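Peer 1: What follows is a predicted structure for the sequence shown.
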Amino acid sequence: MQFQQLQYFVAVAETRHFTRAADLVHVAQPSLSQQIKALERELGADLFLRARGNITLTDAGEALLPLARRILADADTARHEVQELAQLRSGRVRLGATPSVCTGLLPDVLRAFHDRYPGIRLLIEEGGSHDLVRELARGALDLALVVLPLPTPSPALTTVELLREDLVVVSSPDAPRPGQGRRTVRVSDLESERLVMFRHGYDLRELTVAACRAEGFEPDFAVEGGEMDAVLGFVRAGLGVAVVPRMVAARSGRGLRVTPLARPGLHRTIALAHRSDVAPPRAARELQRMLLER
């Protein structure tokens, strides 16, 4: 099995078209088809069902696709690692993070990293913890900042707790103060509030809804489905209140009233994750060190 054959196979699997796949990998279509057939002979199974105008994966092809993607991703990481110059003057870091972490924690750390290593490209992918874990597993990310506990714990990932962060309630300064004007808000007080709620799959949504249900009520949503910036904008407009991380509230405080939650409050744990079977590239290890030492 040749590396080039796996490249051709993934290209056909993603385009579902031999000619477009050949264009994608810059090779003549007959050569690509011959290499795919050679791979099928070596594996002893057809990888594609070929019908006029319709290319689909066989069961064998479906089984090979995630493995081939991981091999290609690992090879790409190895190439960048070897090509890095001394003193980290070049290279890249592929970092995944939840949107709230991107807003609250990352800006200052990435600025410090960029100032120290201006030649390192920072590739940031926002997503929920579930999506980021999947991207780590298939080799598309070097590191990820995720919320614990993970939705699907995996022994293939190594996680290190980074920080435990309080959650707070944000509201519009023009609206009545939540919790009947008290300096802190109990979770039970949210029963009388209309909430601006994040989209499904958002870690903060699951945490807030679970806390409300633990107090015996279903939260009332004024609007739902947004990302962090949209939720904060809706709160500023007076549509309702939201539960957000303290760091996000601190960085986005203009036009927002911030009210702490009464003890024991709500918290979340942020962890730094990477694959257990492959050491992160050198530049990623340096960013990891800076995050852990922040």
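Peer 2: Received the coordinates, thanks.

Peer 1: Give me the neighbour count for Leu148.
Peer 2: 16 (other CB atoms under 10 Å). (Glycine included, C-beta is placed from N, CA and C.)

Peer 1: low pLDDT regions in this protein?
Peer 2: 81-87, 151, 253 (pLDDT under 70).

Peer 1: For it, which segments count as strands?
Peer 2: 48-51, 54-57, 91-97, 120-126, 143-148, 157-171, 194-198, 220-226, 242-245, 257-260, 267-275 (DSSP state E).

Peer 1: For these, please prepare CSV with the additional fields distance to Glu135.
Peer 2: Formatted as CSV, the strands of the chain follow (distance: least, CB to CB, whole Å):
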stretch, distance to Glu135
strand 48-51, 26
strand 54-57, 21
strand 91-97, 6
strand 120-126, 7
strand 143-148, 7
strand 157-171, 11
strand 194-198, 20
strand 220-226, 22
strand 242-245, 22
strand 257-260, 32
strand 267-275, 11
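
Peer 1: what's the most buried one of the ones you listed?
Peer 2: Each of those was assessed for mean neighbour count using mean count of other CB atoms under 10 Å. The highest is strand 242-245, with a mean of 27.

Peer 1: what's next to that strand, contact-wise?
Peer 2: With contact meaning CB atoms under 8 Å, 6 or more residues apart in numbering, strand 242-245 is reached by 100, 104, 165-170, 190, 195-197, 204, 207-208, 228, 231-232, 234-235, 261, 266, 268.

Peer 1: May I see the buried residues of the top helix by length along the chain?
Peer 2: Taking DSSP state H as the criterion, the chain has its longest helix at helix 59-83. By neighbour count on 16 or more other CB atoms under 10 Å, the buried set for helix 59-83 is Gly61, Leu64, Leu65, Ala68, Arg69, Arg70, Ile71, Leu72, Ala73, Thr77, His80, Glu81.

Peer 1: and what of stretch 123-141?
Peer 2: Those would be 126-129, 131-137, 139-141, for stretch 123-141 by 16+ other CB under 10 Å.

Peer 1: Next: stretch 29-47.
Peer 2: Leu32, Ser33, Gln35, Ile36, Leu39, Glu40, Leu47.

Peer 1: As a check, name the ranges of all helices in the stretch 101-250 of the chain.
Peer 2: 106-116, 129-137, 203-214, 228-236, 246-251 (DSSP state H, counting those that start in this stretch).

Peer 1: elements contacting the shortest one?
Peer 2: Secondary structure elements in contact with helix 246-251, counted by 3 or more CB pairs under 8 Å, 6 or more residues apart in numbering; DSSP states H and E, are helix 99-104, strand 157-171, strand 257-260.

Peer 1: So for Val278, which of these sits nearest?
Peer 2: strand 157-171 (10.4 Å; CB to CB).

Peer 1: Now do the closest one against helix 228-236, angle only.
Peer 2: Using axes from the mean of the first three to the mean of the last three CA atoms, to 10 degrees, the inter-axis angle of strand 157-171 relative to helix 228-236 is 20 degrees.

Peer 1: Contacts for the longest helix of the chain, please.
Peer 2: 3, 6-7, 9-10, 13, 43, 45-48, 57, 90-92, 137-140, 142, 278, 281-282.
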